[in-house]
Each structure stands twice: as C-alpha cells, then as structure tokens.
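Trainee: sequence first, then the predicted structure, then my questions.
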Amino acid sequence: MIHAGDIHLADLNEEKRHRVLVVSNARFNAVSRRVLVAPHVPGAADEVPFPWRFEVDGAVYAIDLLRSLPADRLLKRVDRAPADAMVLVRQALRNIT
C-alpha cells in the first residue's frame, strides 16, 4: 500500500527516474489507483518562497509542481518523510487550495 510521506523512484515519462514524495493518502491511492506526488527538484528550497518548496533530508520537493500519476508508475520506495515534514506538506496544500 502507498502512503502519504512515502518517497519513491517514479517513471515520469522522461529518460531517467525521479524521486517523488507522495502527498495523497492511502485511501485515495487505493480507490483511484493514482497518487498525487511532489517531484524532487534541484536547487535550494529558498529559491521559491515557502510553502511551495520544502526540504526532506536535504532533498527539495515542489508542491507547486504537484502532479497525479498512475500508481503503477511508482517503481520503488526509497525512503519515508518524517512526520514533521508531512505537516508542512499539508499546510502547503491548504495554502494552495
């Protein structure tokens, strides 16, 4: 099962695989067979003002580039974001909507 906070390598229809942070909850993922993800982006989190980008263990993920993927495009779980980072993700999502 895929959970919010999971970090996966994903096929984004590009030449190489990218790390993504899952932001949708397990229920949404199971029912829709899709996941909402924030992609890993190069650079520093402060290049775009908070709350649109944030760091998880030194990697920057972009809420402003949020996208939906079929769940089968997540290839391998490689990490999990800490709970405090996911609180920031939820705050960023609330600020967008």
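Mentor: Cool, got the structure.

Trainee: helix or strand: which one has the residue lying farthest from the centre of the chain?
Mentor: In terms of distance from the mean C-alpha position of the chain, Glu15 ranks first, at 19.3 Å (C-alpha atoms, centre = their mean). Under the criterion DSSP states H and E, no helix or strand holds Glu15.

Trainee: quick check: it vs Ala59, distance?
Mentor: Distance from Glu15 to Ala59, counting by C-beta to C-beta, to the nearest Å: 20 Å. The way it works is simple: take the backbone N, C-alpha and C, and place the C-beta from them, glycine included.

Trainee: hang on, Arg33 packs against Leu69?
Mentor: No - applying C-beta atoms under 8 Å as the test, Arg33 and Leu69 come out as separate, 10.2 Å apart.

Trainee: mind checking the pLDDT average for the longest helix along the chain?
Mentor: The helix spanning the most residues in the chain, taking DSSP state H as the definition, is helix 83-96. Per-residue pLDDT values over helix 83-96 give a mean of 87.

Trainee: what's the neighbour count on the residue nearest to His18 when sequence neighbours are not counted?
Mentor: What sits nearest to His18 in space, not counting adjacent residues and going by C-beta to C-beta, 6 or more residues apart in numbering, is Leu12, at 5.2 Å. Neighbour count of Leu12, defined by other C-beta atoms under 10 Å: 15.

Trainee: ok, Leu12 - contacts?
Mentor: When contacts are counted by C-beta atoms under 8 Å, 6 or more residues apart in numbering, Leu12 touches 18, 20, 39, 69, 73.

Trainee: show me which of those are buried.
Mentor: 20, 39, 69, 73 (16 or more other C-beta atoms under 10 Å).

Trainee: secondary structure class for the spatially closest residue to Arg67 that is not a sequence neighbour?
Mentor: Distance criterion C-beta to C-beta, 6+ apart; nearest residue to Arg67, sequence neighbours excluded, is Val37 at 6.1 Å. Put simply, Val37 is strand when judged by DSSP: H, G, I helix; E, B strand; the rest coil.
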